[in-house]
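In: model this:
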Amino acid sequence: MLTGALSVLERGIDSTTVDLLCFDIGKERFAVELSFVDEVIDAAVLDAHAVHGSMIGVIRLRDDLIPVHDAECVLYVARKSPEPMALVFTAHGAPMAMLVDYAEAALAIDMDALRSPGAVVARDSVMLGALKVGSRWVGLLDAESLVDAFGKVALSEESHAH
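Out: Below you'll find the predicted structure:
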């Protein structure tokens, strides 16, 4: 089961710090709870026969082919890098990946600094809020909502096709 970054606070752990993985897509910086990500790899996307929704192909990870998703249809930000990285995670018991331009760990972020995303953004959104990491603002994403949003895009496209 996936957990969002705020789940650490909801579980009642005394500390208000969370380990986050920060990543860039285009000019924007986002983060998810570090424990959500299994690994970060250089992504060489292979063609897939049945690509739909946010899925843009597959990547080979050791001997497995893993579906890879483009976050643009969920986060509305286009990647710029011709050589992206992939965040690999397990969702609903199966591996999947999301392409990003760049990723790095930022440990022990103080969640007391989290600002609300606002009513318009928060409704039906993967965004939990924003916080400052170093000199940059970072959009904190809920990992579970992100995975669900990829599924909703696929279902929406299937219903429009019929």
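
In: When you work out contacts or count neighbours from here on, use the C-alpha atoms and nothing else.
Out: Will do.

In: All the helices of this structure, residue numbers only.
Out: Counting by DSSP state H, the chain has helices at residues 7-10, 72-75, 119-122, 143-161.

In: what helices or strands is the second one leaning on?
Out: Right, helix 72-75. In terms of contacts (3 or more C-alpha pairs under 8 Å, 6 or more residues apart in numbering; DSSP states H and E), helix 72-75 is packed against helix 143-161.

In: what pLDDT, on average, does the helix it packs on get?
Out: Mean pLDDT, helix 143-161: 67.

In: What ranges in this structure fall below the confidence cut-off?
Out: 1-15, 46-53, 118-124, 153-162 (pLDDT under 70).

In: Can you list the residue ranges for strands in it?
Out: For the chain, the strands defined by DSSP state E cover 17-25, 28-33, 39-42, 55-61, 64-70, 85-91, 94-100, 102-110, 127-133, 136-141.

In: Each with direction, which strands does the first one pair with?
Out: If I follow you right, that is strand 17-25. Sheet pairing of strand 17-25 (DSSP bridges) gives strand 28-33 (antiparallel), strand 102-110 (antiparallel).

In: With distance to residue 141 and mean neighbour count added, can I get those in CSV?
Out: Shown next, in CSV, are those (distance: least, C-alpha to C-alpha, whole Å; neighbours: other C-alpha atoms under 10 Å):
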stretch, distance to residue 141, mean neighbour count
strand 28-33, 5, 22
strand 102-110, 14, 16
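
In: how close does the closest residue to residue 116 other than its chain neighbours sit to residue 144?
Out: Excluding the flanking residues, the one nearest residue 116 by C-alpha to C-alpha, 6 or more residues apart in numbering is residue 129, at 4.6 Å. In this view, residue 129 and residue 144 are 15 Å apart by C-alpha to C-alpha, to the nearest Å.
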